[in-house]
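Undergrad: Quick one: sequence and predicted model below, then my questions.
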Amino acid sequence: MKYALGVNHMQDNPRLPPPESSDRTVKWVVLSLAGLGGTIMLCIIAAIVIIGMLTLLGRRVSAVYSQVNAGLAATVITVEPAAAPGCASSSVSAMVPQVETLPNALAYYHRGSDELEQGEYARAVAYFNGAIALEPDLANAWYHRGYAYENLGEYERAIEDYSRAIAMAPDEPQYRSSRAQAYASLSEYACAIEDYDQAIALDPDDAFSYLGRGDAYAGLGKYDQSLADYRRAIELDPENPEVYNTRGDAYYYQESYEQAIADYTRAIELDPEETLYYFNRAYAYESLGEYEQAIADYTTMIELDPDDPQAYYDRAYAAISIGQYEPAIEDYTRIIQLNPDNASAYQSRASAYEELGRGEEAIHDYREAIRLDPDDTWGYYTRGDAYRRQGSYDLAIQDYTTFLQSNPDNGWAHRDRGHAYYEQENYDQAVSDYTQAIESFIDDPWVYYSRGAAYEHLGKKDLAIADLEVFLDRADNPVAREEVERKLRVLREK
């Protein structure tokens with residue numbers, strides 16, 4: 001439930017949905033496909049969950065370097081590397097820059113440490129390479145090179161280097177907790193937990209290890225164990241806002257939204273400048289339907305970082321959820337100002353324009369979305385819907401047909417193209433599309449009503465009666481049922 005967790009419409013800022021809920025990830029799609037049966041887009045979600053947990057754990061890494069660099073002396077022992085039993089560790093190639101020649105291993109080591117402090121991880125690797133080449137038994141050089149690799153996203157190499165350091169200094173808890181972090185980044189949560197267990201046995205008062213192990217348990221969906229570890233981390237480090245934030249995440253995934261909000265609020269009290277905590281609390285508020293509070297948190301995020309497009313997106317969604325389309329349009333416009341090539345912002349703004357009956361503006365935005373991302377066939381579908389609402393049935397049919405060329409089994413698109421054909425009095429084509437929609441098992445009794453009406457125009461009374469009877473069996477709208485019952489009486493009397 002963090003910025004970098006999971007897919008959203010913002011590629012540079014995806015975020016994680018709870019394991020059993022999809023609406024946090026696909027809500028912008030729901031906006032742009034309102035009334036179209038947006039359940040088709042749920043396939044997006046599966047790819048997001050693993051990405052989400054990687055980033056949830058990733059925030060912990062930065063704490064390790066300062067702890068180890070401050071407190072550990074170099075250990076010199078000659079041993080072979082070993083990963084945790086049953087856990088993978090494999091070398092991969094890494095590109096590192098050339099650096100100047102230095103007189104000895106410690107000179108390379110200290111220069112590498114300076115590069116780590118500056119966040120120059122590739123250069124740090126190069127200097128630690130020099131230290132290791134001259135003194136291969138320098139445990140801290142292996143450890144810190146592993147840290148640099150981890151920050152470069154080369155987790156297998158990080159694990160290999162951490163394993164070297166552990167073999168040289170098996171009683172150093174930070175080495176084990178760092179390797180655990182790398183395993184967790186590869187979703188090897190069981191291996192991570194094993195290393196955290198050993199780190200905690202060596203240092204029972206290290207809040208970081210409890211926090212990391214809690215994350216690993218959460219990665220396995222074991223939220224009771226993760227909450228127990230987060231509680232212990234809070235006992236050990238009660239002024240650390242990230243501990244409360246992370247426990248709030250666990251509560252969120254358990255749908256304990258009030259408790260999640262309490263933890264996010266505590267994190268905000270401890271660090272009111274961190275936008276992430278407002279972001280998470282806003283989501284929890286949305287899950288309770290408290291959109292005004294969510295809007296307030298998104299607004300604070302924007303005040304703290306006015307160039308963050310994600311905050312505008314989410315504030316727009318919360319506004320639309322309570323019928324505030326004009327503020328949503330303003331937020332989508334701001335996103336477009338920040339990135340004029342953002343197709344999904346045009347798509348979302350078009351949906352908001354449609355809700356206000358501003359069809360021409362909606363079609364303009366759909367056209368821009370298609371121009372920017374012509375491979376996104378949903379743009380054709382939604383623009384087709386806008387054309388149909390305007391009565392431009394030929395254009396609507398063209399767009400629906402383009403969409404159906406890539407999505408031939410989409411029942412909702414067949415239904416809507418059937419509506420366009422029906423309005424053109426092309427009842428044979430309408431029946432064909434309605435039939436395709438029904439065979440696609442879409443859950444819409446009105447398709448039977450529409451096909452029945454088309455059959456009636458074609459003079460196929462028995463087929464019309466059969467479809468209207470199916471509608472009566474499935475529909476629960478009393479006004480509609482009364483109208484259909486009247487129509488059936490008329491048909492049966494003919």
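TA: Perfect, I can see it now.
Undergrad: pLDDT below threshold where in the stretch 151-300 of the chain?
TA: Within the stretch 151-300 of the chain, no stretch has pLDDT under 70.
Undergrad: Quick check: closest non-adjacent residue to Phe441.
TA: Nearest-residue entry for Phe441: Gly411, 6.9 Å, with adjacent residues in sequence omitted and distances by C-beta to C-beta, 6 or more residues apart in numbering. Every C-beta, even on glycine, is put in place using the N, C-alpha and C of the backbone.
Undergrad: Burial check on the one you found, number of neighbours?
TA: 22 (other C-beta atoms under 10 Å).
Undergrad: I figured it was touching Asp443, is that so?
TA: No - the pair Gly411 and Asp443 fails to qualify as a contact (C-beta atoms under 8 Å) at a distance of 9.4 Å.
Undergrad: Now do the contacts for the closest residue to Glu423 other than its chain neighbours.
TA: Distance criterion C-beta to C-beta, 6+ apart; nearest residue to Glu423, sequence neighbours excluded, is Tyr393 at 5.3 Å. Neighbour list for Tyr393: 387, 420-421, 423-424 [criterion: C-beta atoms under 8 Å, 6 or more residues apart in numbering].
Undergrad: Can you pick out the most distant pair from those?
TA: Farthest-apart pair in the contacts of Tyr393 is Tyr387 and Tyr421; separation 13.4 Å (C-beta to C-beta).
Undergrad: Please state the mean pLDDT value computed over stretch 342-355.
TA: In this model, stretch 342-355 has a mean pLDDT of 97.
Undergrad: Likewise for stretch 303-323?
TA: 97.
Undergrad: Of all the residues in it, which ones are buried?
TA: 308-321 (16 or more other C-beta atoms under 10 Å).
Undergrad: One more: stretch 100-120?
TA: For stretch 100-120, using 16+ other C-beta under 10 Å, the buried residues are 102, 105, 108-109, 111-113, 115-116, 120.
Undergrad: Narrow those residues to those in helices?
TA: Counted as lying in helices by DSSP state H, out of those, are 105, 108-109, 111-113, 115-116.
Undergrad: For the residues you listed, could you give me TSV that also reports distance to Arg334 and pLDDT?
TA: TSV is the format used below for these (distance: C-beta to C-beta, whole Å; pLDDT from 0 to 100):
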residue	distance to Arg334	pLDDT
Ala105	53	95
Tyr108	48	96
Tyr109	48	97
Arg111	44	97
Gly112	43	96
Ser113	42	97
Glu115	38	96
Leu116	37	96
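Undergrad: Now list the buried members of the contacts of Tyr393.
TA: Buried among the contacts of Tyr393 by 16+ other C-beta under 10 Å: 387, 420-421.
Undergrad: wait, what's in contact with the closest residue to Gly384 other than its chain neighbours?
TA: Among residues not flanking Gly384 along the chain, Asp399 sits closest, at 3.2 Å (C-beta to C-beta, 6+ apart). For Asp399, the contacting residues are 380-381, 383-384, 387, by C-beta under 8 Å, 6+ apart.
Undergrad: Closest to Arg349 out of the residues you listed?
TA: Taking the contacts of Asp399 together and measuring to Arg349 by C-beta to C-beta, the closest member is Arg383, at 13.2 Å.
Undergrad: does the closest one really touch Asp365, like I thought?
TA: No - the pair Arg383 / Asp365 is not scored as a contact, 9.1 Å apart, by C-beta under 8 Å.
Undergrad: Mutual contacts of these two, please.
TA: Common neighbours of Arg383 and Asp365 (C-beta under 8 Å, 6+ apart) are Ala350.
Undergrad: now, which of the buried residues of stretch 100-120 sits nearest Leu468?
TA: Glu120 (72.3 Å).
Undergrad: List the buried residues in stretch 163-174.
TA: Buried-residue list, stretch 163-174, by 16+ other C-beta under 10 Å: 163-169, 172-174.
Undergrad: Equivalent analysis for stretch 229-237, please.
TA: 229-230, 232-234, 236-237.
Undergrad: now swap in stretch 394-408 and tell me
TA: Buried residues in stretch 394-408, defined by neighbour count with 16+ other C-beta under 10 Å: 395-400, 402-404, 407.
Undergrad: Among those, which lie within helices?
TA: Per DSSP H, the subset of the buried residues of stretch 394-408 in helices is 395-400, 402-404.
Undergrad: For Tyr278, state which of those residues is nearest.
TA: When these are compared against Tyr278 (criterion: C-beta to C-beta), the nearest one is Phe403, at 37.7 Å.
Undergrad: List the contacts of that closest one.
TA: Phe403 touches 377-378, 380-381, 384, 410, 413, counting by C-beta under 8 Å, 6+ apart.
Undergrad: same thing but 6 Å
TA: By C-beta atoms under 6 Å, 6 or more residues apart in numbering, Phe403 lies in contact with 377, 380-381, 413.
Undergrad: got it, and Ser226?
TA: 214, 217-218, 250.
Undergrad: Helix, strand, or coil at it?
TA: Of the three states, Ser226 takes helix according to DSSP: H, G, I helix; E, B strand; the rest coil.
Undergrad: if I look at it, how far off is Asn477?
TA: 45 Å (C-beta to C-beta, to the nearest Å).
Undergrad: Let me have the ones in helices among the buried residues of stretch 394-408 in a markdown table, extended by distance to Lys222 and pLDDT.
TA: Output for these, formatted as a markdown table (distance: C-beta to C-beta, whole Å; pLDDT from 0 to 100):
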| residue | distance to Lys222 | pLDDT |
| --- | --- | --- |
| Leu395 | 53 | 98 |
| Ala396 | 50 | 98 |
| Ile397 | 52 | 98 |
| Gln398 | 52 | 98 |
| Asp399 | 47 | 97 |
| Tyr400 | 46 | 98 |
| Thr402 | 46 | 97 |
| Phe403 | 42 | 97 |
| Leu404 | 44 | 97 |
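Undergrad: If anything else comes up later, I'll come back, but that's it for now.
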